[in-house]
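[1] I would like to see how this sequence folds:
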Amino acid sequence: MIRGFSSVLLLVGWLCTAEAAALEISGPRQQGGLLEGRVAPGTRIEALGQPVPVDNQGRFLLGLDRDAPADVVLTVTSPEGERERHRLDIAQRDYDIQRIDGLPNEQVNPDTETLARIRREAALVREARARQRPERLMEGTWRWPVTGPISGIYGSQRILNGQPRQPHYGIDIARATGTPVRAPASGIVTLAEPDLFFSGGTLIVDHGQGLSSTFLHLAEMAVAPGDVVRQGEVIAEVGATGRVTGAHLDWRMNWLDQRIDPSLLVPPMPEATP
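    Residues are numbered from 1 along each chain as shown. Next comes the predicted model:
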């Protein structure tokens with residue numbers, strides 16, 4: 001459930017200089033949302049404790065994490081050095097929380113060897129996400145990488161034996177092993193690993209300006225790091241690899257260190273197609 005949702009955000013803020021620099025920003029102003037904006041070329045922006053990539057046309061993206069605060073402040077510095085602060089009101093969401101007790105300890109806490117492997121693989125993923133292009137690589141609307149029943153939603157969380165697990169940051173789509181996975185938008189492949197502990201076959205596509213898609217539990221991959229992919233191109237096959245109970249695609253998205261909700265970018269799920 002979303003409280004106070006607003007789908008379009010226009011110029012908001014308070015001014016710290018005599019003249020206001022033009023700022024346009026739109027998108028789902030809620031936790032998990034991805035905002036698109038434009039400023040004068042050469043403008044610098046900071047938000048959420050980090051610089052925001054701005055391309056040579058003045059375009060930028062701003063991703064909002066699952067637990068983004070109710071107020072997000074953008075600090076905008078014009079090419080002339082004038083600074084403004086703009087406050088964005090972010091709608092807070094309620095998430096599905098599931099409690100499961102009485103599980104054997106080995107199902108909740110990995111052993112030392114497994115934990116070391118998990119940490120090594122997490123470092124690989126972080127390194128891949130750090131190899132991002134400052135320019136925008138995708139344009140226009142987004143498409144579902146796979147169509148089918150949605151079996152898992154963004155933001156949900158399990159508490160196992162009283163221990164909170166990491167929230168689910170993706171959208172699970174149930175399809176048979178071998179179903180083609182298509183690029184939801186254009187980009188460059190930065191990671192293609194066949195067997196990670198949790199996520200199995202794992203593919204990351206950089207869409208530019210800090211935005212990336214990650215595809216988990218894949219059976220096969222049709223691309224390799226460095227490949228340029230176009231929207232709609234087959235990049236992989238659905239699988240049941242890693243820690244899963246059945247075949248499905250887990251599609252996740254990041255903007256820098258913010259994990260966003262892919263379902264907010266695409267139209268309603270259509271009927272499944274091959």
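
[2] now do the strands in the stretch 1-150 of the chain.
    24-26, 34-38, 44-47, 50-52, 59-63, 71-77, 83-89, 97-100, 150-152 (DSSP state E, counting those that start in this stretch).

[3] please name whichever of those is nearest to Ala224.
    strand 59-63 (25.9 Å; C-beta to C-beta). Backbone N, C-alpha and C define where each C-beta goes, glycine included.

[4] which helices and strands sit right next to that closest one?
    Here strand 59-63 is seen to pack against strand 34-38, strand 50-52, strand 249-255, strand 258-260 when contacts are counted using 3 or more C-beta pairs under 8 Å, 6 or more residues apart in numbering; DSSP states H and E.

[5] now mean pLDDT, mean neighbour count and distance to Ala222 too, for those strands, in a markdown table please.
    Below are the helices and strands packed on strand 59-63 laid out as a markdown table (pLDDT from 0 to 100; neighbours: other C-beta atoms under 10 Å; distance: least, C-beta to C-beta, whole Å):
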| stretch | mean pLDDT | mean neighbour count | distance to Ala222 |
| --- | --- | --- | --- |
| strand 34-38 | 97 | 19 | 26 |
| strand 50-52 | 95 | 16 | 33 |
| strand 249-255 | 97 | 23 | 14 |
| strand 258-260 | 97 | 24 | 25 |
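
[6] got TSV for these, with distance to Arg119 too?
    Shown next, in TSV, are those (distance: least, C-beta to C-beta, whole Å):
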stretch	distance to Arg119
strand 34-38	29
strand 50-52	24
strand 249-255	19
strand 258-260	19
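
[7] now Ala22: closest residue in space, sequence neighbours ignored.
    Ala40 (6.2 Å; C-beta to C-beta, 6 or more residues apart in numbering).

[8] now do the same contact list for that neighbour.
    Counting by C-beta atoms under 8 Å, 6 or more residues apart in numbering, Ala40 touches 21-22, 58, 78-79.

[9] per-residue pLDDT of it, please?
    Listed pLDDT for Ala40 reads 95.

[10] next one: the helix or strand containing Thr202 to chain centre, how far?
    Element membership of Thr202, judged by DSSP states H and E, is strand 200-208. Between the centre of strand 200-208 and the centre of its chain there are 11 Å (C-alpha atoms, centre = their mean, to the nearest Å).

[11] for stretch 48-68, same thing?
    The answer for stretch 48-68 is 13 Å, by C-alpha atoms, centre = their mean.

[12] just stretch 233-250 next, same as before
    Offset of stretch 233-250 from its chain centre (C-alpha atoms, centre = their mean): 18 Å.
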